[in-house]
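Chemist: Quick one, what's the 3D model for this:
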Amino acid sequence: MSDFNRRKFLESSAGVAAAATVGTGSALFAPFAQAQNLTFKPEKGAKLRVLRWSRFVQGDIDAYMANVKKFTEATGVEVRVDNEGWEDVRPKAAVAANTGAGPDIILSTNDDANLYPDKLLDVTDLAEYLGKKYGGWYPAGEAFMRPDGKKWLGLPLGASGSLIVYRESMVKAAGFAAFPKTTDDFLKLYKALKEKGTPGGMALGNATGDSTWCNWLIWSHGGKLVDKTNKVVIDSPETLKALEYGKELYANFIPGTLSWLDPNNNKAFLDGQISVTNNGISVYYAAKNSADPKVKEMAADINHAVFPIGPVGVPTESHLFFNQMVMKYTKFPQAAKEFLRFMMEKEQFDPWLQGGGGYVAQPLRFYENSAIWTSDPKNMPYRDSVKNLRPGGYDGKLGYASAGAAADFIIPNMVAEAASGSKTPKEAAERAQKRAERYYKV
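Modeler: Predicted coordinates for the structure are as follows:
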C-alpha cells in the first residue's frame, strides 16, 4: 500500500481543532483563534486576471465569484476571472508559462505545475501559513505542489472525486442489495446490468477527469506506470491482468464510450441511458437542482460508492486534482498571493465548498468538518477524495515526466486500445511503455 493511502497525520492541537464545526458560525478552537495572521499588501494599482476551469456545478462559480467580489471590496484590487474547459486550460497555461504573458493566476489540474516549475512564483510562506492554521495539507497535495519537499510551486485547491455514481433501483434489479466492494463482483454487476438492458459505461476518450478510472483499473491489479526510482514498468504481468479485466468489463459498456469526454457520461446518466458510471458529484447535483421534474425525481434513486478493491487488497483511488498557480511574470505578486490567501480562509473557502455541493473536496484537514459533508449523507463519500488520492505518477516522484505522461493520456489510451481490441493487451502495454519512456528519459 502506498504512502499516499496509509499516511496519517499525528494528532496535534491543530488536528484536534479541525474537529470544530465548520460553516455553522461557531467559534474556532483556541489554536486557530490564536494563529498568527499573514497578509500580503497588494501593489498600488494592482489588477489580477484569473484563468480557471469551467464550472460543472453552477453553485461553484456563483460562490467563487461572490468571494472575488468580497476580495475586491476589501482590497480595491480588480479581478477578472476567465472560465475555460479543462482541456483548454492546460494548453493556455503552457503558452502563458512559455511566453511570459497572460493570466496572473491559473487554476488547473493534476500536476501541471510540474511542467513549468521555474515559471511559477514561490508561495512557500503562504502555503505554510495556511497549513499551520488549518490542520495541515493532505500528503497528496504536498506531493503535487511541493515535489522537492521544500518549495511550494502553488497551492492545492482540492479535488473532484471520481467515485461510482449509480441508480439504486437498477443495481437492486440486477440482483445486488449493496454496491459491490470487489472487482470480481463489480464485473458481475456490469454483466447483470447489461442483461437487464440497463448497462453502465465509463469514459475511454481523453477525458481529463473521468478517464481517471483507468488509473484505478491498473493500480487495483498491482500495475503502475513507474517504480519508486521512476523507472517505467507499465509493461508488466500485473498490467496485463488489469487490461484483460478491463476488456471483459468494457464488453458490457454501453456503445460509444471510446469517444466519451468529461460531459458525455453525465449526459448519458441523466438521460437514463446508463445505470452506473464514475463521476464527481455533479451528476447528483444536477439532478437535485434540475427544472425537469423527471430528472429531479431521479435524484432520490442516485447514490455514490468508492471504487471496488482489486487483487492488491487496498483502495487505489484516482481523482482529479486542482491546483492554484501564480505565474512568476505577474506584475502584482503580492496582490496575487493575498488573493489566494483570502480565498482559502474559512470565511470564504467553506461557503465555496458548500456552494459547490461537494463537487470539490478540501485539501486542508480542517474542512473535513464542513457542513457540506453532513447536510446530505450522499455527499459524504466524496469528502476524503484528496485525503485518499493517489497521484497519477504513482509510484515515482512527481515532476515533468509524470505531468507530461498524464497530459498525454498514456494510461487511458492503453486501456482503450486493449478494451476495444484494437490492440492486444500486450501490444497496448508495450506501446504505453515506449510512450512513457520518452517522458521519463528526458
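
Chemist: and whichever helix or strand Ala74 is part of, what other elements does it pack with?
Modeler: Here Ala74, judged by DSSP states H and E, is contained in helix 58-75. Using 3 or more Cβ pairs under 8 Å, 6 or more residues apart in numbering; DSSP states H and E as the contact criterion, the secondary-structure elements in contact with helix 58-75 are strand 78-84, helix 333-344, helix 346-355. C-beta here means a position set from N, CA and C on the backbone, and glycine is covered the same way.

Chemist: Pick the most buried one from the ones you listed.
Modeler: Scoring the helices and strands packed on helix 58-75 by mean neighbour count under mean count of other Cβ atoms under 10 Å gives helix 333-344 as the most buried, with a mean of 23.

Chemist: Can I get that one in PDB, CA atoms only?
Modeler: Once non-C-alpha atoms are left out, helix 333-344 reads as follows in PDB (Å, rounded to 0.1, in the frame of the first residue of the first chain):
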ATOM      1  CA  PRO A 333       2.800  39.100  -6.900                       C
ATOM      2  CA  GLN A 334       1.700  40.500  -3.500                       C
ATOM      3  CA  ALA A 335      -1.800  41.000  -4.700                       C
ATOM      4  CA  ALA A 336      -1.900  37.500  -6.200                       C
ATOM      5  CA  LYS A 337      -0.700  35.900  -3.000                       C
ATOM      6  CA  GLU A 338      -3.200  37.900  -1.000                       C
ATOM      7  CA  PHE A 339      -6.000  36.800  -3.300                       C
ATOM      8  CA  LEU A 340      -5.100  33.100  -2.800                       C
ATOM      9  CA  ARG A 341      -4.800  33.600   1.000                       C
ATOM     10  CA  PHE A 342      -8.200  35.400   1.100                       C
ATOM     11  CA  MET A 343      -9.900  32.600  -1.000                       C
ATOM     12  CA  MET A 344      -8.500  29.800   1.200                       C
END
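
Chemist: so how far is that helix from its chain's centroid?
Modeler: For helix 333-344, the gap between its own C-alpha mean and the chain's C-alpha mean amounts to 22 Å (Cα atoms, centre = their mean, to the nearest Å).

Chemist: and it with strand 78-84, angle?
Modeler: Using axes from the mean of the first three to the mean of the last three Cα atoms, to 10 degrees, the interaxial angle of helix 333-344 with respect to strand 78-84 works out to 70 degrees.

Chemist: where exactly do the helices run in the stretch 301-442 of the chain?
Modeler: Assigned by DSSP state H, counting those that start in this stretch, the helices in the stretch 301-442 of the chain fall at 333-344, 346-355, 400-407, 410-420, 425-440.

Chemist: Please read the previous query as pertaining to the stretch 101-250 of the chain.
Modeler: Per DSSP H, counting those that start in this stretch, the stretch 101-250 of the chain has helices spanning 124-133, 139-145, 168-173, 183-195, 213-220, 237-250. These are given in chain order.

Chemist: Quick check: which of those is nearest to Asp271?
Modeler: Taking Cβ to Cβ as the measure, these were each checked against Asp271, and helix 168-173 came out nearest at 13.9 Å.

Chemist: tell me what the closest one is packed against?
Modeler: Counting contacts by 3+ Cβ pairs under 8 Å, 6+ apart, helix 168-173 packs against helix 183-195.

Chemist: In the helix it packs on, which residues are buried?
Modeler: 183, 186-194 (16 or more other Cβ atoms under 10 Å).

Chemist: That one to helix 213-220, inter-axis angle?
Modeler: Our comparison of helix 183-195 with helix 213-220, counting by the same axes, to 10 degrees, yields an angle of 140 degrees.

Chemist: pLDDT of helix 183-195, averaged?
Modeler: For helix 183-195, mean pLDDT rounds to 98.

Chemist: what do you get for stretch 206-225?
Modeler: In the prediction, stretch 206-225 has an average pLDDT of 96.

Chemist: Now the terminal residues of it, how far apart.
Modeler: Counting by Cα to Cα, to the nearest Å, you get 18 Å between the two ends of stretch 206-225.
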